[in-house]
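Peer 1: take a look and give me a structure for this.
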Amino acid sequence: MKRSIAVISAILFLAAAGAAEAEMTTIYGPVYVTKAKKEHGRHEDKTKLTFTAPVPGSGKIVIKNGGDGGKKSRAASAEVELNGVEVADESDFNKNVTELTYDVTLLADNEMEVEVKSCKECEIQITVMGEKVAEPAPVVLPTR
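Peer 2: Numbers count the residues shown, from 1 in each chain. Reported below is the predicted structural model:
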């Protein structure tokens with residue numbers, strides 16, 4: 001009986017340890033951002049995006065340079081900020097960069113500011129990955 005309880009306890013511990021390593025999933029996007037256009041006679045530099053994270057904490061921002069347009073649509077210069085913190089700057093981009101990935105800290109409510117600084121036909125695709133909401137583990141009770 002004691003051995004059965006010890007084995008079950010070990011299995012539950014290992015299951016809990018495996019669950020502690022969170023699985024990432026898309027929580028926002030993909031969003032396509034191009035160079036901002038003039039509106040009402042003035043130039044809007046940054047595109048503002050807001051989203052919520054189901055699980056605040058660790059996350060990733062994945063930027064596909066050129067979006068679906070490929071090499072001819074790649075930005076040579078862009079900036080990305082998340083919650084006031086610079087994530088990507090101009091020097092991270094050029095026409096040879098296809099994809100960039102950044103580790104970030106997500107809040108429950110997030111604001112991202114994006115500015116594509118190069119050509120009017122350029123675009124970047126942004127996807128935010130966050131921790132997947134964990135499903136409760138089934139409880140296994142010892143049999144007697």
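
Peer 1: find the nearest non-adjacent residue to the residue nearest the centre of the chain, please.
Peer 2: In the chain, the centroid-proximal residue (C-alpha atoms, centre = their mean) is Val128; its distance is 2.3 Å. Leaving aside its sequence neighbours, Val128 sits nearest to Tyr28 (C-beta to C-beta, 6 or more residues apart in numbering; 4.0 Å). For every residue, glycine as well, the C-beta is placed using N, CA and C.

Peer 1: the one you found falls within a strand, correct?
Peer 2: Yes: applying DSSP: H, G, I helix; E, B strand; the rest coil, one finds Tyr28 inside a strand.

Peer 1: how near is Glu113 to Gly29?
Peer 2: To Gly29, Glu113 is 15 Å away according to C-beta to C-beta, to the nearest Å.

Peer 1: follow-up on the earlier one: tell me the SS of the residue nearest to the centre of the chain?
Peer 2: Classified using three-state DSSP, Val128 is strand.

Peer 1: do you know how far it is from Glu111?
Peer 2: Counting by C-beta to C-beta - Val128 and Glu111 are separated by 12 Å.

Peer 1: what do you get for Ala76?
Peer 2: Distance from Ala76 to Glu111, by C-beta to C-beta: 25 Å.

Peer 1: ok, Val33 next?
Peer 2: 14 Å.

Peer 1: can you tell me the distance between the two ends of stretch 60-80?
Peer 2: 13 Å (C-alpha to C-alpha, to the nearest Å).

Peer 1: can you check stretch 62-70 too?
Peer 2: Per C-alpha to C-alpha, stretch 62-70 runs 16 Å from first to last residue.

Peer 1: sorry, back to before: pretty sure the residue nearest to the centre of the chain contacts Phe51?
Peer 2: Yes: with contact defined as C-beta atoms under 8 Å, Val128 reaches Phe51; the gap is 6.5 Å.

Peer 1: who touches both of those two?
Peer 2: Counting by C-beta atoms under 8 Å, 6 or more residues apart in numbering, the contacts common to Val128 and Phe51 are 27-28, 110, 112.

Peer 1: strands of the protein, residue ranges please.
Peer 2: 24-34, 38-39, 42-43, 47-52, 57-65, 78-82, 85-88, 99-106, 109-116, 123-131 (DSSP state E).
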